Structures are given as structure tokens and as C-alpha cells.
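Student: test case, fold it:
(2 chains, ligands or ions: 3)
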Amino acid sequence: MPNIDENKEGIKGMANPTRYGIERFAYLLMRLSGLGLLVYFVVHIYETSMILQGKVGWDEFLEITQTTEGHIILALVIGMSVFHTVNGIRVMLGHGGIGVGKPARPDYPYPAQSQNAKHKISIYSAIVLAAIAMMYGIGVMFGD
Amino acid sequence: MAAESLQISNEESGTIVSSTKTITLRIARSNPKKNTEQKFDEFKIPYQKWTTVLDAILEVKKHLDHSVAVRYSCRQASCGSCGMKINGRPALACFTKITELNSDVVTVEPMNNFPIIRDLVVGFERMFSNHKKIKPYIINEESEINPGTKEFLQTPEDVEKYIQFSNCIKCGLCNSACPTMATDSSFVGPQALAQAYRYVADNRDKGKDERLKIIDDSHGIFRCHFAGSCSQVCPKGVDPAMGIQLLRGYLLGFRD
Ligand code: HEM
Ligand code: SF4
Ligand code: FES
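Tutor: Ligands and ions are numbered 1, 2, ... in the order given. Below you'll find the model as predicted:
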């Protein structure tokens, strides 16, 4: 149903990563990883505050992280941290106008210079590095 | 519908008159003045290698249903009137060939993030007012309009710095693709921000500080997350995302 007012695409459209290339996918991953890290950060403060319960409380809480679910969550946190950091550096430089291309007389078919290979390679690298870090983490956590 | 009547009758002469290739054109119909419903009407349309989506819509208007509301003028990607969502992605109907869509079904809908007037036509009031807000003209006391002042000379290099951004035809595709615009109708938008940069980058202009102040607003340039979708859909090579980041470079102190 069209919203007569502005016919805005809404959150569903904002979060749809399928139509505008890897850059839009990176935008979504940046949001999700940022929010995921924020949640982890809050939980992490709570978790470490258990030290105030003395050694027993601390050990009890650590038990929870030593489960399969705990390991999977930590593996995701590792992946989110790595992607968010590497992509965050790309985004910060981009926001400052660095590496976004040089204005020039456009020529058909008008490839957008800001959507250049440097950025695409950075995004793919961020994803690959995140995957490697996750695999390493999984290896450490699940490997006896 | 009367799709059969569109088939060109077989001629005796044996010359091939037309291909028999057809697509199903699905046109979103709505009239917010009457009610909030949107429905899709389907038409079988023959097409050639060169048939554009606009041609197909006009074929419908000519032969099948003339009540379809569509706005167009130049038919050559110059006027910025015919922007719409074609198979889910904003594009100019006159600049998109049926063949390049690689689909038997072509769905056209009004662009998102603009109010619908009727069917495929959307209102540009807000975009135009945002465009005006960033002062889209050269600000310079020594205007060449004043008698007795000199011409402003520019080298080709000076022109290169802004010419790309001056290609904007105000079609609104960028605003329609923008993920910030999808949820924030107060956002100034990639169209206006790219134009702010167009004037800031012009060495005849002295309005940089004024414009930076205007866009450094709670719904201004910092709502841009450099998702780049504006640049992916811009039909004129404006590359709004580049202009916006270069502009933000001034505000963040990366450039001066
Ligand atoms: C070296 C570490 C980090 C870097 C380089 C970094 C960089 C960035 C950048 C550049 C953005 C803006 C993205 C955009 O404009 O779309 C961002 C957003 C965000 N970051 Fe980080 N960040 C880091 C660590 C963290 C941590 C540890 C947290 C959580 C506690 C976090 C949470 C967020 C959140 C919630 C957002 C907002 C997401 C959005 O609105 O799309 N970041 N980060
Ligand atoms: S920047 Fe490009 S997409 Fe946006 S209004 Fe101008 S021509 Fe259209
Ligand atoms: S009709 Fe003018 S841009 Fe398409």
C-alpha cells in the first residue's frame, strides 16, 4: 500500500541489501555489526562486573561462555569486531573525501568514481578478514 | 486485455514487420486523492531491441488504457521527468531499454521517498525546496551581472572540478535509492548535497561557508552514511556520493 504522504521505503527498504551493489551490503553489515557490538559491550560490562561477586561468581559466569552457544556468540563478536573496524576505517576515510575519486567530465556509461575498486576491495577484505578471524576463533574455542 | 489487437497481422509479402517478442508490463495504479489502494494492471507489449520502458508505457496509453498517469517530456534523459521504479530499482523510463532488463515481466512503480500524485507520477516539491535551500547559484559580490565588473575566467581544470555535478537533471533517482531518505523525510538528500558541492567547488563562488552552515544541520550532511546507492542509480554520472564526501571533507577538517 502506498503511503500517500511520502511513500517512504521504510526500514525494509533501508535494510534491503540486494539492489545497489556491495557498497550497500557493507552499509547494512556496518549497521548490524555496530548494533551487535553495542549489545555485546553492554553484556560484557555486566559479565565482567561479576568479578565483584568474588571468585565463585566470576567462575560461575565464565561457565556460561564455555558452552557451544557461548562459543558461537563469541565467534560472531570476533567477526563483527573485525568487519566493523576494517570497514570503519574505510568509511571514515571516505567520509573525509579520501579515496572517493576525482571529479571529471563524465562520459557514458558514467561509472561512478566513488564506487571504485579501492572501496570494493576494502569491503571484500573486511569480509574475508572477519571470516578468517572467526575461523581462528572457532578453532581456538572448539579445538580441545 | 486487447493484447491480440497489438499483434501485427501477418503480411503476404514475406517481409518481417515485427518481432513477436512480448513482455508483460505491470503498471502500479493508485490515486491517493481517492483512496490509499494500489493495484497492478498488466499489459502484453511487443518490443524491439530499441524499445524503452517509456515507449512501452506510451504504447499502453495509446492503445490499451489511456488513463495511465506518467510524466515525461524529453525522452532522452535530459529533463528528469520520467524517473520511476523499474523492476524494483529507480531508473529513467526513457533511458532504460526493455532488453537490458533481462526479464519477461517489467514492473513499473512510482519512485519511493516522494509523495505519489497518481500512478507513476510523484511530487518533487520537497526535493526542489531542498535544492533551493542550499543556494544553487554562484554567490559573489562582484557578480558579472553588475556593470563594470570583469568576466570570470576559468581554466579547463577549474571547470573539471564541478562540471560533473552540474550534469544533474533533478530526476530524483538518487533520493529514491538513498537508505537515509527511506526513513527520514527531513533529510536534505543526495540531490541537494551534490549541488551544494557543485557550487562550493566552483572557483567563482564565495558562498562556501554559508552553504556549509546550511548543510551542517541535524537532518543535513551527517545523515549520509556513504552507502553509495545514489551514485549507483544516477543516470548522468553526477556521482552524488563523491560530491557529498568531498563536501564533508571540509566540515571534518580533511580539506580546506
Ligand atoms: C576500531 C573500532 C571501531 C571503528 C573504526 C568504528 C567505526 C565506525 C564508523 C566509521 C561508524 C559510522 C558508520 C556509518 O557512518 O555508517 C560506526 C558506527 C557505529 N559503531 Fe563503530 N567503530 C568501532 C568500534 C565500535 C564498537 C566497539 C562499538 C560498540 C560498542 C561500535 C558501535 C557502533 C554503532 C552502534 C554504530 C552505528 C551504526 C549505524 O548507525 O549504522 N563501534 N563505527
Ligand atoms: S544527482 Fe543524478 S540521480 Fe540525483 S537528481 Fe541529479 S541526475 Fe538525478
Ligand atoms: S523523459 Fe526526460 S528524462 Fe526521461
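Student: ok, residue 143 - how many residues close by?
Tutor: Went with chain A since none was named. Applying other CB atoms under 10 Å in any protein chain shown, we find 6 residues neighbouring A:G143. For glycine as for every other residue, the C-beta is placed from the backbone atoms N, C-alpha and C.
Student: please refer instead to chain B.
Tutor: 12.
Student: got the phi and psi for it?
Tutor: phi -60, psi 140 (degrees, to the nearest 10).
Student: doesn't B:K150 make contact with it?
Tutor: No: using CB atoms under 8 Å, B:S143 is not in contact with B:K150; the gap is 10.9 Å.
Student: can you pull the contacts of residue 28?
Tutor: No chain in the question, so chain A it is. Residues near A:L28 by CB atoms under 8 Å, 6 or more residues apart in numbering or on different chains: A:A15, A:P17.
Student: to clarify, I was referring to chain B.
Tutor: B:A28 makes contact with B:Q38, B:K39, B:F40, B:T107, B:V108, B:E109, B:P110, B:D119, B:L120 under the criterion CB under 8 Å, 6+ apart.
Student: secondary structure, distance to ligand 3 and neighbour count for these - can I get that in a markdown table?
Tutor: Below are the contacts of B:A28 laid out as a markdown table (DSSP: H, G, I helix; E, B strand; the rest coil; distance: CB to the nearest ligand atom, whole Å; neighbours: other CB atoms under 10 Å in any protein chain shown):
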| residue | secondary structure | distance to ligand 3 | neighbour count |
| --- | --- | --- | --- |
| B:Q38 | strand | 23 | 17 |
| B:K39 | strand | 25 | 8 |
| B:F40 | strand | 22 | 13 |
| B:T107 | strand | 18 | 17 |
| B:V108 | strand | 13 | 24 |
| B:E109 | strand | 16 | 23 |
| B:P110 | coil | 15 | 25 |
| B:D119 | coil | 16 | 23 |
| B:L120 | coil | 12 | 25 |
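Student: quick one: which of those is nearest to B:D55?
Tutor: B:V108 (12.2 Å; CB to CB).
Student: list the beta-bridge partners for that closest one.
Tutor: B:V108 has these beta-bridge partners by DSSP bridges: B:I27, B:I86.
Student: check what pLDDT it gets.
Tutor: As summarised for this prediction, B:V108 has a pLDDT of 98.
Student: surely A:H119 meets A:G101?
Tutor: No: at 9.4 Å, A:H119 does not count as touching A:G101 under the criterion of CB under 8 Å.
Student: helix, strand or coil for the residue in chain B that ligand 1 sits nearest to?
Tutor: Closest residue of chain B to ligand 1, CB to the nearest ligand atom: B:H225 (3.4 Å). Three-state assignment for B:H225 (DSSP: H, G, I helix; E, B strand; the rest coil): coil.
Student: with adjacent residues omitted, what lies nearest to it?
Tutor: In space, and not counting its chain neighbours, B:H225 is closest to A:Y27: 5.8 Å by CB to CB, 6 or more residues apart in numbering or on different chains.
Student: and if you look at B:I139?
Tutor: B:G207 (3.1 Å).
Student: might you report the residue contacts of A:E6?
Tutor: A:E6 is in contact with B:N113, B:F114, B:P115, B:R126, B:S185, counting by CB under 8 Å, 6+ apart.
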